[in-house]
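> Predicted model, plus sequence, below.
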Amino acid sequence: MSNTVDLRTKLVAELVGTFLFVFVGAGSAVATQFLGLSDPGTSLLIAALANGLGLAIGISVTMGVSGGVLNPAVTIGLLLGKKLPGKNVIPYIISQLIGATLAVVLLMASSPSSAGEPVHWGTPTLSNAISVSQGILFELVMTFLLVLAVYGTIVDKRSPKIGGFGVGLIVVADVLTGGPFTGAAMNPARAMGPMIAGLFFPVYWYIYWIGPVIGAAIAGLVYSRIIEDSGS
């Protein structure tokens, strides 16, 4: 994390980076609906690639300014690993939520009506095949893996210099694994942006806060206290 950039600039970077990620990720759902793709496997692959590549680019663009956090859960994971100042946490989360919401507002404004029902664009869906508690656990584990990738490929000084692409790859893998069950948000901003923009809040909306935040917190503590310290 750069300490020479003022907080306002970091917040702008977080907003823009989250906007980029969500516009591409949610936009893939709009495109899939517009094309009328009925094969669930193809739709899942498109969602995985769009979200993974969008996040990889968003992180790479902003990591030199704000750390490329772009996720309230990751923000908390970095805080617990002592990689982010406490005073930055709430402003980062607000900027991320604003960026995600603006992305979906612009998607709704610019996409044709034939693309489908706007309130559902990019909103993660909990499958009827699993319970709320299973959904929370799924989001917890996927976010745990995501934050491990953030620490192992970006934060750790021993990490390879590959920008955000290591994190993007775990998002692709997580979406391919958990997409059919929870939508594989792993990011409260990614989940809440479409909900806020469309004023559509499913009854299980809270799983996209509880699971990711707990998973990120565990990963931040495990990596910073055990994995990172072991190499010191």
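Sure, I can see it.
> can you pull out the helices in this protein?
7-35, 40-62, 72-80, 86-110, 132-150, 165-182, 188-198, 207-222, 228-230 (DSSP state H).
> With distance to G122 and mean pLDDT as added columns, please give these in a markdown table.
Backbone N, C-alpha and C define where each C-beta goes, glycine included. As requested, these are exported to a markdown table (distance: least, Cβ to Cβ, whole Å; pLDDT from 0 to 100):
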| stretch | distance to G122 | mean pLDDT |
| --- | --- | --- |
| helix 7-35 | 3 | 94 |
| helix 40-62 | 9 | 96 |
| helix 72-80 | 16 | 98 |
| helix 86-110 | 6 | 96 |
| helix 132-150 | 16 | 98 |
| helix 165-182 | 12 | 97 |
| helix 188-198 | 4 | 95 |
| helix 207-222 | 12 | 98 |
| helix 228-230 | 34 | 76 |
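> Just the C-alphas of stretch 199-217, formatted as CSV.
Coordinates of each C-alpha in stretch 199-217 appear next as CSV, following Å, rounded to 0.1, in the frame of the first residue of the first chain:
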residue,chain,number,x,y,z
LEU,A,199,-34.1,-1.3,-5.5
PHE,A,200,-34.4,-5.1,-5.4
PHE,A,201,-33.3,-6.8,-2.1
PRO,A,202,-33.9,-10.6,-1.9
VAL,A,203,-34.7,-11.9,1.6
TYR,A,204,-31.2,-13.5,1.8
TRP,A,205,-29.2,-10.4,0.9
TYR,A,206,-27.3,-10.5,4.1
ILE,A,207,-25.4,-13.7,3.2
TYR,A,208,-23.3,-11.6,0.9
TRP,A,209,-22.0,-9.6,3.9
ILE,A,210,-21.8,-12.3,6.5
GLY,A,211,-20.0,-15.0,4.5
PRO,A,212,-17.5,-12.8,2.7
VAL,A,213,-16.6,-10.7,5.7
ILE,A,214,-16.0,-13.8,7.9
GLY,A,215,-14.0,-15.6,5.2
ALA,A,216,-11.9,-12.5,4.5
ALA,A,217,-11.2,-12.0,8.2
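> tell me which residues in that stretch are buried?
Using 16 or more other Cβ atoms under 10 Å as the test for burial, stretch 199-217 gives W205, I207, Y208, W209, I210, G211, P212, V213, I214, G215, A216, A217.
> For it, give me every contacting residue.
71-74, 76-77, 80, 119-120, 123-126, 132, 135-144, 146-147, 182, 185-188, 191-192, 194-195 (Cβ atoms under 8 Å, 6 or more residues apart in numbering).
> Just want the most central residue of this structure.
The C-alpha lying nearest the average C-alpha coordinate of the chain belongs to N187 (Cα atoms, centre = their mean; 3.7 Å).
> Please give me every residue in contact with the nearest residue to that residue once chain neighbours are set aside.
Leaving aside its sequence neighbours, N187 sits nearest to N71 (Cβ to Cβ, 6 or more residues apart in numbering; 4.3 Å). For N71, the contacting residues are T18, Q96, L146, M186, N187, P188, A189, R190, P212, A216, by Cβ under 8 Å, 6+ apart.
> and which of those residues is nearest S113?
Nearest to S113 out of the contacts of N71 is R190 (Cβ to Cβ; 24.2 Å).
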